[in-house]
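1. let me see the structure of the following:
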Amino acid sequence: MPACILDSDCNDNSSCTTDTCVNGNCSYTPIDSCVPCSLSSQCDDSNACTANVCSDGKCSYPAIPGCTPCGSNINCEDNNSCTNNICFQGRCSYTPVLGCQSCTLDSECDDNNSCTTNTCSNGACVYTSVSNCKICTLPSQCDDNDSSTTFACLSGKCTYTKITSCKNNDGYCPSGCNAGNDNDCSYICGNGIREGTEKCDGASLGGATCAGVLGLDILEL
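-> Predicted coordinates:
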């Protein structure tokens, strides 16, 4: 009597064989790459990026989404300058670099600081301090205690302008100004300009002479 008539007569209870009845005899052909199992722990494929599952008596290895297998850190390059690329226990790990902002354009790097230049370099924002720049929100934060300049807070940073015009009550006497056209200037005797209570000053003034300088009679103007 034949050992089998149908393939179903040949079930060896192994999920890793193909059971067939050939000329009345059972044949059990191993299925390539199939690993029989009764527990998931028997299914380790030494790949950190697969889940090892025993199902229906055979191992399956579904990929873990987003996982990259590796042998060293060099296998983990993600082309992101703002991550640390680490190979740990056979899989890549990407930890954020503290304070780093990824970018493709300079415009993506605005730090709302008027005293830095903002550039995108190798995929990461770089903030470079502007020399002698002072950030501000109020003009009073910009006082440099220099009477020769005016100060203001513009676009979040202090600006300083040198005083060059003769103007009363601005606290500074620029070069070329005198007490006659800028009350911040001191009286100077001998500068050829009649200032304040001076009767005359210098050798000639408006057609008059300071004869007293030569030992003559003083002509009051």
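2. the residue lying closest to residue 100 once chain neighbours are set aside: neighbouring residues, count only.
-> Closest residue to residue 100 apart from its sequence neighbours, by CB to CB, 6 or more residues apart in numbering: residue 82 at 3.7 Å. In short, each C-beta sits where N, CA and C put it, glycine included. By the criterion of other CB atoms under 10 Å, residue 82 has 17 neighbours.
3. assign a three-state SS to the residue most central in space within the chain, would you?
-> Nearest residue to the geometric centre of the chain (CA atoms, centre = their mean): residue 125, 3.4 Å. With DSSP: H, G, I helix; E, B strand; the rest coil as the basis, residue 125 sits in strand.
4. on that earlier part again, list the contacts of the residue nearest to residue 100.
-> Shown in contact with residue 82 (CB atoms under 8 Å, 6 or more residues apart in numbering): 96, 97, 100, 101, 102, 123, 124.
5. how far away is the second one from residue 121?
-> Computed with CB to CB, to the nearest Å, the distance linking residue 97 and residue 121 is 14 Å.
6. and if you look at the fourth one?
-> Between residue 101 and residue 121 the computed distance is 11 Å (CB to CB).
7. of those two, which one has the most company?
-> For residue 101 versus residue 121, neighbours defined as other CB under 10 Å are more numerous around residue 101 (17 against 11).
8. before we move on, the earlier item: shared neighbours, residue 101 and residue 121?
-> Common neighbours of residue 101 and residue 121 (CB under 8 Å, 6+ apart) do not exist.
9. now do residue 61, the pLDDT please.
-> For residue 61, the model assigns a pLDDT of 94.
10. now the two most distant members of the contacts of residue 82.
-> Using CB to CB, the pair of those lying farthest apart is 96 and 123, separated by 13.5 Å.
11. neighbour count: the two, which is higher?
-> residue 123 (14 against 11).
12. for the more buried one, what are its contacts?
-> Contacts of residue 123 by CB under 8 Å, 6+ apart are 79, 80, 81, 82, 102, 103, 104.
13. could you pull out the strands for the protein?
-> Secondary structure of the chain (DSSP state E): strands at 17-22, 25-30, 53-55, 58-60, 83-88, 91-96, 116-121, 124-129, 149-154, 157-162, 204-205, 208-209.
14. any idea how far the nearest residue to residue 112 once chain neighbours are set aside is from residue 6?
-> Spatial nearest neighbour of residue 112, chain neighbours left out: residue 156 (7.7 Å); criterion: CB to CB, 6+ apart. Remark: distance between residue 156 and residue 6 (CB to CB) = 86 Å.
15. which one's more surrounded, these two?
-> Neighbour comparison, residue 156 and residue 6: the larger count goes to residue 156, with 13 against 8 (by other CB under 10 Å).
16. specify the beta-bridge partners of residue 18.
-> Beta-bridge pairing of residue 18 under DSSP bridges involves residue 29.
17. is there a neighbour count for it? I'd like the number.
-> 13.
18. also residue 98?
-> With other CB under 10 Å as criterion, residue 98 counts 7.
19. for residue 82, see how far away it is.
-> Using CB to CB, one gets 10 Å for the distance from residue 98 to residue 82.
20. thanks a lot, see you next time.
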